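Colleague: sequence plus predicted model, see below.
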Amino acid sequence: MASDRCVKATVMVAAGLLLAASGCLPGATRNTLEAAERAASPEAVASSLLSNEESAGARRGRGAADGSAGGEARRAGDGGARDGEAAGGRGTRPTEGRERAASGGRTASGERTVSSERAGEGGRPREAHIPDDAALEREVDLASLQAAAIARHPQVAAAAQRVRATAMDARAEGSLPSPELMAELWQVPLARPWAVPDAGMLMFSVRQEIPAAGSLDRAAQAMALEAQAGAAMVTGAALEIARDVGRAFAMYVEATARHRAHGEHVGIFEQMSAAARARYTAGGPVSDLVKADLERARLLSSVAREQGRLEEARATLNVLLSRAVDAPLGPPREGEPMGTKLTPAEAAERAMARSPAVAAAEAMKGAAAQRAEAAGREASYPSFLVGLSYFHPVGGMHAGWGATVGMSLPWVWGPGSKRAEGATARARGEASAAQAVRLQARGGAATAVIAVQEAGRRLLALRNEALPVAQRALEVTRAGYAAGGSDFLMWLDAAHATLEVELEITEAQGDLERALVELDFAVGGRAARSPLPLVALAPAHGAAGGAR
């Protein structure tokens, strides 16, 4: 019985050495690496970031299905790979890592689609449309521009390659050191240094160093979690690109609306000039005609200025799309302004689950914990050196073999204990850093929702209250001047007020779009949109106004 146990133990040790020598990794480490590499691909990043927010029920169902795999990753990472969402916020659970990003399909309009197996509402897969240059010359929308920028931008591809490099380093980290082949020749006579057959010994040896038990696995898992953090940084880089595109698109939409508003008011001032000329020919004052012509000329200069802003926004978008600065770009697709259905608390919760910064911090926390445990094992467990030697028959000696076994004594002296203390301190620091990132993400998401709500209320107040009054005043003063009952300056002031309100509306719409872009960045992906209410609602906590 004792001999059987010894044989089994020997076989298990030999099998473990063979697996370590071949670079085979534990299942949790292998799953973490594969998920990180998949999540870092530009197609997977675009599909994850640009899909609409999923329902809470769908997220809960997927989380329950992936619970066991996520638990395994957490145990392996000492809490560092929380729910396996460190890369891209969604794509790094071992089960979710099987999502495939397929590229190459095209829509009828020439747009390439990137689809993900992660289903959205109603079980339909999400698709991010990546327009080609021909499609970009037609009408463009924000989601397509963001998808195209992420797919084309070299920063995302560079970050993905860095993740791949880290993953390969992790696989190397889990392998045994290379074996050593040695040849030793002893006691060749000095009087006849060429007389090798008269040497005292000729030995050929193969030696293998075996690190402290468990240290390789933990070092490999630490590197795998660093790859997972790198995948989250790929998503973070893509989010920054999407935010830059969103800001530029908001500027593009705002510049288009301002240019259109100025162009429409050129017609109004032409009507003023015609009315003043008609009154002048009937004996009216020439000052009205001069003022009308002056205001029309000033407005034409404003149109030229807005044209410059429009071209600037177009050039900015082209640069972000990796196109020529003067490449043709279609007009923006303008729709009804939208708000968000998220509350500040919901946005903070979503940021905790999907923010790349949080995911990267959690992964680095887990990596530091694994490195601390590996350093602790190296400081507490011995490493071994084993060897097998062959003795060649020389100098009258017979052929033979020999074995070598050596063991380190790390508890006697050496740098192991200090390194373990340093690694433990770094692990505590990463844990504190992760907590700080979580707090920052929660606060940023909550304030982003508040900014969206504020911009929506301002837009509604301008559109529903100020604009109708300004338009009514413009019509009344126009009719009064035509009938001879009002002064020209009243009509001119009303026209100025109407243009100013319309420009404030375009500015408010731009502020709303920019606030939504910042919200998407804060929560780690596209936040759920909802139509604005028909009237501007006061804040829920409103202290303004009071009882009257």
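Modeller: That came in fine, so what should we check first?
Colleague: going forward, measure contacts and count neighbours with C-alpha atoms only.
Modeller: Fine.
Colleague: so Ala36 is in contact with Ala231, correct?
Modeller: Yes - assessed by CA atoms under 8 Å, Ala36 is found in contact with Ala231 at 5.6 Å.
Colleague: would you mark the buried spots in stretch 424-442?
Modeller: 424, 426-428, 430-431, 433-435, 437-438, 440-442 (16 or more other CA atoms under 10 Å).
Colleague: could I get the full set of strands for the stretch 201-350 of the chain?
Modeller: If DSSP state E, counting those that start in this stretch is used as the criterion, the strands of the stretch 201-350 of the chain fall at 201-210, 338-340.
Colleague: same for the longest one, what does it pack against?
Modeller: Meaning strand 201-210. Using 3 or more CA pairs under 8 Å, 6 or more residues apart in numbering; DSSP states H and E as the contact criterion, the secondary-structure elements in contact with strand 201-210 are strand 180-186, strand 384-392.
Colleague: out of those strands, the one nearest Glu306 is which?
Modeller: Within the helices and strands packed on strand 201-210, the stretch nearest Glu306 is strand 180-186; the backing value is 73.2 Å (CA to CA).
Colleague: pull the distance from the closest one to the chain's centre.
Modeller: In terms of CA atoms, centre = their mean, to the nearest Å, the gap separating the centre of strand 180-186 from the centre of its chain is 54 Å.
Colleague: ok, stretch 524-533 next?
Modeller: Between the mean C-alpha position of stretch 524-533 and that of its chain there is a distance of 18 Å (CA atoms, centre = their mean).
Colleague: how about stretch 477-491?
Modeller: The gap between the average C-alpha position of stretch 477-491 and the chain average comes to 57 Å, counting by CA atoms, centre = their mean.
Colleague: could you do stretch 252-268 as well?
Modeller: Using CA atoms, centre = their mean, we find the averaged C-alpha position of stretch 252-268 to lie 35 Å away from the chain's own average C-alpha position.
Colleague: how about that stretch: buried residues?
Modeller: If you call a residue buried by 16+ other CA under 10 Å, then stretch 252-268 has these buried ones: 252-259, 261-263, 265-266, 268.
Colleague: same question, stretch 316-325
Modeller: By neighbour count with 16+ other CA under 10 Å, stretch 316-325 contains the buried residues 316-321, 323, 325.
Colleague: got the end-to-end distance for it?
Modeller: 8 Å (CA to CA, to the nearest Å).
Colleague: what sits up against that stretch?
Modeller: 145, 148-149, 152-153, 241, 244-245, 248-249, 315, 326-327, 329 (CA atoms under 8 Å, 6 or more residues apart in numbering).
Colleague: residues in contact with Ala227?
Modeller: 33, 36-37, 163-164, 166-167.
Colleague: so which of these belong to helices?
Modeller: Assigned to helices by DSSP state H, the following of those qualify: 33, 36-37, 163-164, 166-167.
Colleague: closest one of those to Ala292?
Modeller: For Ala292, the closest of the ones in helices among the contacts of Ala227 turns out to be Val163, at 64.3 Å, with distances computed as CA to CA.
Colleague: state the distance from the closest one to Ala157.
Modeller: When CA to CA is the yardstick, Val163 and Ala157 sit 10 Å from each other.
Colleague: could I get the strands of the stretch 201-350 of the chain in CSV, plus columns for mean neighbour count, mean pLDDT and distance to Met364?
Modeller: Conversion of the strands of the stretch 201-350 of the chain to CSV gives the following (neighbours: other CA atoms under 10 Å; pLDDT from 0 to 100; distance: least, CA to CA, whole Å):
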stretch, mean neighbour count, mean pLDDT, distance to Met364
strand 201-210, 18, 93, 27
strand 338-340, 20, 91, 32
